[in-house]
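A.B. asks: Quick one, fold the following:
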Amino acid sequence: DTLAYRDLGPDGGTGFEAYLIPRERIPSPQPQYPALGNLGNVIVFLGYDVNAPSVSGEALDVTLYWRALRDGDRDDYAFFAHLVDDLGFHWGSQTFFSYPSIQWRQGEIMVFRKRIAIAPGAPPTSYWLELGVVSSSLDARLPVLNEAGQMAGTAARVGPFQVARAVRGASQQQYPSKFT
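C.D. replies: The predicted structure is shown next:
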């Protein structure tokens with residue numbers, strides 16, 4: 001492996017390092033929960049990890065795995081994740097633009113760790129995560145395609161995720177400015 005870049009942190013120690021690794025030595029990601037969702041023959045959702053238990057009023061902590069099916073052809077794709085209940089009501093949401101889509105390369109795997117805020121008062125029950133990709137210039141989401149290549153919606157749904165009841169007063173004491 002070859003060190004390609006090193007950046008120092010505020011304390012003068014190593015903040016992060018980037019290495020060049022030969023393609024044949026790059027490990028394939030192994031999500032805890034594999035899934036397969038083709039979004040417009042542009043990108044595939046590969047699965048997710050659950051990083052911590054979820055509690056009402058706190059956050060759903062997940063790692064999301066994606067693979068580019070082709071080189072980026074536009075610069076404005078953004079990801080979205082909506083935490084929904086069985087009736088489709090939203091209890092948390094996040095849109096993120098972490099890596100310019102014009103830089104995507106075919107076969108490249110992207111891994112994003114996200115903490116999606118769960119609304120205070122969300123009932124303790126099972127929830128789903130609706131995931132997708134949107135283009136602001138097209139004013140549209142990439143379609144989710146089924147195995148036959150036909151449109152099957154505009155968001156891939158994964159889960160369920162169990163959300164536990166909040167401990168009375170715990171969220172406000174631990175995170176006083178989180179929802180103010």
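
A.B. asks: The spatially most central residue of the chain: what's it in contact with?
C.D. replies: Taking C-alpha atoms, centre = their mean, the centroid of the chain lies closest to residue 64, which sits 4.1 Å from it. By C-beta atoms under 8 Å, 6 or more residues apart in numbering, the contact list for residue 64 reads 45, 48, 79, 81, 111-114, 131. The way it works is simple: take the backbone N, C-alpha and C, and place the C-beta from them, glycine included.

A.B. asks: Widest-spaced pair of those residues?
C.D. replies: 45 and 113 (15.1 Å; C-beta to C-beta).

A.B. asks: which of these two has more neighbours?
C.D. replies: The neighbour comparison of residue 45 against residue 113 (other C-beta atoms under 10 Å) goes to residue 45, with 22 against 10.

A.B. asks: what about the closest residue to that one other than its chain neighbours, distance to residue 144?
C.D. replies: Distances taken as C-beta to C-beta, 6 or more residues apart in numbering put residue 37 closest to residue 45, at 3.9 Å, once the chain neighbours are dropped. Residue 37 sits 6 Å away from residue 144, going by C-beta to C-beta, to the nearest Å.

A.B. asks: and for those two, which residues touch both?
C.D. replies: Contacts common to residue 37 and residue 144, judged by C-beta under 8 Å, 6+ apart, are residue 156.

A.B. asks: Among the contacts of residue 64, the buried ones, what's the PyMOL command?
C.D. replies: The buried residues among these can be selected in PyMOL (16 or more other C-beta atoms under 10 Å) with this line:
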select buried, resi 45+48+79+81+114+131
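
A.B. asks: which ones are touching residue 93?
C.D. replies: 80-83, 116.

A.B. asks: Kindly recompute the last result at 6 Å.
C.D. replies: Going by C-beta atoms under 6 Å, 6 or more residues apart in numbering, residue 93 touches residue 82.

A.B. asks: Just the buried positions in the helix or strand that contains it, please.
C.D. replies: Element membership for residue 93, per DSSP states H and E: strand 90-96. Using 16+ other C-beta under 10 Å as the test for burial, strand 90-96 gives 91-92.

A.B. asks: What strands line up against it, and which way round?
C.D. replies: strand 77-84 (antiparallel) (DSSP bridges).

A.B. asks: Tell me the buried residues in the strand it pairs with?
C.D. replies: Under 16+ other C-beta under 10 Å, the buried positions of strand 77-84 are 77, 79-84.

A.B. asks: between the residues you listed, which is nearest residue 55?
C.D. replies: Closest approach to residue 55 among the buried residues of strand 77-84 (C-beta to C-beta): residue 83, at 12.7 Å.

A.B. asks: from what I can see the closest one touches residue 127, true?
C.D. replies: Yes - taking C-beta atoms under 6 Å as the definition, residue 83 is a contact partner of residue 127 at 5.2 Å.
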